[in-house]
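In: Build me a model from this:
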Amino acid sequence: MQPFNLTATGYNLNYLPEYIALRHGFFRDQGLDVKVTIPVPWDHVLDHLAEGSAHMALGGIWVPSMYRDRVQHYTVFAQIANRCPLAVLKRGSADGFKLTDMAGSTVLMKSGGGASVGLFFKMLLREQGIDARGVDYVQDLDGIMLGNLFQGGMGDYFITDNLSALAMVARNPNVSIAMEMVEQGDIPWSVYYRETATITPELLDAEQRFCVGLAKGIQWVMDRDAETFRDELAELFPNVPVEVAVRVTNDFRRNAMWTSTSVSRNGFERWQLGLRDARLVKEPLAYEEIVNDAPASAAQAIHQSTTTADASLPAKESATYKPLVNGTPASKAQTVLG
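Out: Sure thing, here's the model as predicted:
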């Protein structure tokens with residue numbers, strides 16, 4: 001079994017197909033012994049790549065984009081999350097809500113997992129012709145702290161991940177979800193990457209096998225109503241009511257959160273425009289400049305040529321899958337990042 005170490009920027013529901021692939025042995029079927037580490041702070045994933053302790057990093061594509069030609073070149077190999085997993089919360093009823101209602105408001109945005117929350121929301125405003133500079137932002141605080149402050153009266157809106165948003169609504173009848181951003185179009189929200197200069201033929205082979213396992217995980221999730229694997233969701237996310245995890249998972253399934261291991265070209269080009277307007281890149285990068293789709297596309301072909309996993313098979317590795325956040329099991333560390 002070949003060791004294959006991942007370093008991830010968070011522990012999120014939008015990474016679910018990877019967790020399923022780990023629990024059900026889809027990576028081991030490809031000869032890979034995948035281990036996951038989640039450093040705190042999240043940007044230590046870059047250190048893990050630099051020191052060679054990780055084969056790939058999982059996180060936002062905005063990081064390798066802004067680093068290119070400035071600090072380090074990274075190559076993106078695959079995608080897991082094809083949509084933005086955030087939600088907008090407001091006080092009172094969300095009936096009749098329009099994005100234009102947010103002009104001139106104060107918006108609280110969690111930022112513990114990096115810049116992606118603000119990057120996407122401000123891009124969405126610009127796409128709708130709303131001046132993002134006409135909104136006040138509070139975004140330099142922890143998500144839990146901001147959530148408590150929002151419920152206590154600070155700001156007009158709060159942006160956080162869907163799972164946390166629904167959990168808050170379930171506890172607090174005075175707030176509602178005004179918008180789920182998973183419905184707002186394709187975006188390569190979460191991707192796998194590593195330093196370009198360190199890529200070898202052996203690594204490309206392992207990347208391809210990893211993508212085969214990930215593709216099986218995506219199909220497994222997409223083939224099943226989340227209600228049928230609620231027990232697995234309860235084990236993976238013990239700090240969230242299982243009904244909330246089931247609802248968010250099915251919402252993601254309906255709205256193209258998980259589509260393919262290949263990075264969406266249209267989503268990539270859209271996100272690059274957003275990164276340019278946010279001044280993270282001078283000009284949008286070309287797809288081929290930063291993405292090597294060969295392992296993912298080859299993996300899709302291999303996966304499609306094989307039979308799908310038997311739906312009746314039980315999870316084979318649930319007891320052994322323990323991604324760590326600084327030595328603590330991730331699900332117990334309450335690490336829910338954007």
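
In: ok so residue 90 is a strand residue?
Out: Yes - assessed with DSSP: H, G, I helix; E, B strand; the rest coil, residue 90 lies in a strand.

In: Give me the pLDDT for it.
Out: As predicted, residue 90 sits at a pLDDT of 98.

In: check which helix or strand covers the residue nearest to it when sequence neighbours are not counted.
Out: Distances taken as CB to CB, 6 or more residues apart in numbering put residue 178 closest to residue 90, at 4.5 Å, once the chain neighbours are dropped. Every residue, glycine included, has its C-beta placed from N, CA and C. Using DSSP states H and E, the element containing residue 178 is strand 175-180.

In: Residue 208 falls within a helix, correct?
Out: Yes - the assignment for residue 208 (three-state DSSP) places it in a helix.

In: if I look at it, how far off is residue 25?
Out: Using CB to CB, to the nearest Å, residue 208 is found at 18 Å from residue 25.

In: now do residue 99
Out: 43 Å.

In: ok, now residue 305?
Out: From residue 305 across to residue 25, the span is 20 Å (CB to CB).

In: picking up where we left off before, what's the residue nearest to residue 90 in contact with, if anything?
Out: Residues in contact with residue 178 (CB atoms under 8 Å, 6 or more residues apart in numbering) are 88, 89, 90, 94, 97, 157.

In: Report pLDDT for it.
Out: Note for residue 178: predicted pLDDT of 98.

In: Please apply the same query to the one 4 residues further on.
Out: The score at residue 182 is 97. That number is its pLDDT.

In: Next: residue 329.
Out: 63.

In: And for residue 324?
Out: Looking at residue 324, its pLDDT reads 63.

In: This structure: strands as residue ranges?
Out: 2-8, 32-38, 56-59, 74-81, 86-91, 106-109, 136-138, 157-161, 175-180, 190-195, 324-325, 328-329 (DSSP state E).

In: Now do the longest one: distance to the chain's middle.
Out: What it means is strand 74-81. Centre-to-centre, strand 74-81 and its host chain are 11 Å apart (CA atoms, centre = their mean, to the nearest Å).

In: From residue 164, how far out is the residue nearest to residue 90?
Out: The gap separating residue 178 from residue 164 is 15 Å, by CB to CB.

In: what does residue 85 give?
Out: Per CB to CB, residue 85 is found 10 Å from residue 164.

In: Same check on residue 304?
Out: Counting by CB to CB - residue 304 and residue 164 are separated by 35 Å.

In: Can you give me the domain boundaries for this protein?
Out: Here the chain is described, according to automatic domain parsing, as comprising the domains 2-82+187-332, 86-183.

In: can you give me how far the shortest one is from the chain middle?
Out: When you say that, I think you mean domain 86-183. Centroid separation for domain 86-183 versus its chain: 18 Å, with CA atoms, centre = their mean.

In: for the residue lying closest to residue 204 once chain neighbours are set aside, what are its contacts?
Out: Excluding the flanking residues, the one nearest residue 204 by CB to CB, 6+ apart is residue 295, at 5.9 Å. Going by CB under 8 Å, 6+ apart, residue 295 touches 77, 78, 204, 207, 208, 210, 211.

In: List the residues that contact the first one.
Out: Read it as residue 77. Neighbour list for residue 77: 56, 191, 192, 193, 194, 207, 211, 291, 292, 295, 296 [criterion: CB under 8 Å, 6+ apart].

In: so the fifth one touches residue 74, yeah?
Out: Yes - proximity of residue 194 to residue 74 meets the contact threshold set by CB atoms under 8 Å, at 6.5 Å.
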